[in-house]
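*Asks:* Sequence and predicted structure are below.
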Amino acid sequence: MLEGSATLQLGDERHPVRPGSVVSRPAATGIAHTFEAGDDGVVLLAYGTRDPDEQCWYPDSRKIGSRALNIIYRVEPTGYWDGED
């Protein structure tokens with residue numbers, strides 16, 4: 001993190017972060033993460049791989065992002081036979 005203040009939400013946990021903080025998130029942990037900027041805003045540097053087959057789960061909005069399909073879609077629970085004739 002370069003400037004400002006923020007809170008890192010890591011699954012159900014929340015952690016304050018400040019300039020100089022480094023957060024490393026390995027792929028495929030199944031634990032979502034996000035940063036919430038403080039009142040003074042936040043400037044951070046983010047980097048990572050760009051795997052063309054990558055998928056990302058957004059638990060708060062129940063969406064999945066697919067880099068391979070270049071689409072973000074919402075998950076809706078349904079029965080196995082729902083919509084089948």
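*Replies:* Alright, I've got the coordinates.

*Asks:* wait, isn't residue 38 in contact with residue 1?
*Replies:* No. Look at residue 38 against residue 1 with CB atoms under 8 Å: they stay out of range, at 10.6 Å. Any C-beta I mention is one placed from the backbone N, CA and C, and that applies to glycine too.

*Asks:* between the two, who's got more neighbours?
*Replies:* Using other CB atoms under 10 Å as the criterion, residue 38 and residue 1 rank with residue 1 on top: 18 against 14.

*Asks:* ok, the helix or strand bottoming out on mean pLDDT in the chain: who's next to it in the sheet?
*Replies:* Across the helices and strands of the chain, mean confidence by mean pLDDT, DSSP states H and E is lowest for strand 55-58: a mean of 85. Strand 55-58 pairs in its sheet with strand 63-66 (antiparallel), by DSSP bridges.

*Asks:* ok now the strand it pairs with, how far from the chain's centre?
*Replies:* Relative to its parent chain, strand 63-66 has a centroid offset of 10 Å by CA atoms, centre = their mean, to the nearest Å.

*Asks:* One more: stretch 74-85?
*Replies:* 26 Å.

*Asks:* Likewise for stretch 4-21?
*Replies:* 14 Å.

*Asks:* And it, end to end?
*Replies:* This stretch, stretch 4-21, spans 11 Å end to end (CA to CA, to the nearest Å).

*Asks:* list the buried ones in that stretch?
*Replies:* Of the residues in stretch 4-21, 4-6, 8, 17 count as buried by neighbour count, 16 or more other CB atoms under 10 Å.
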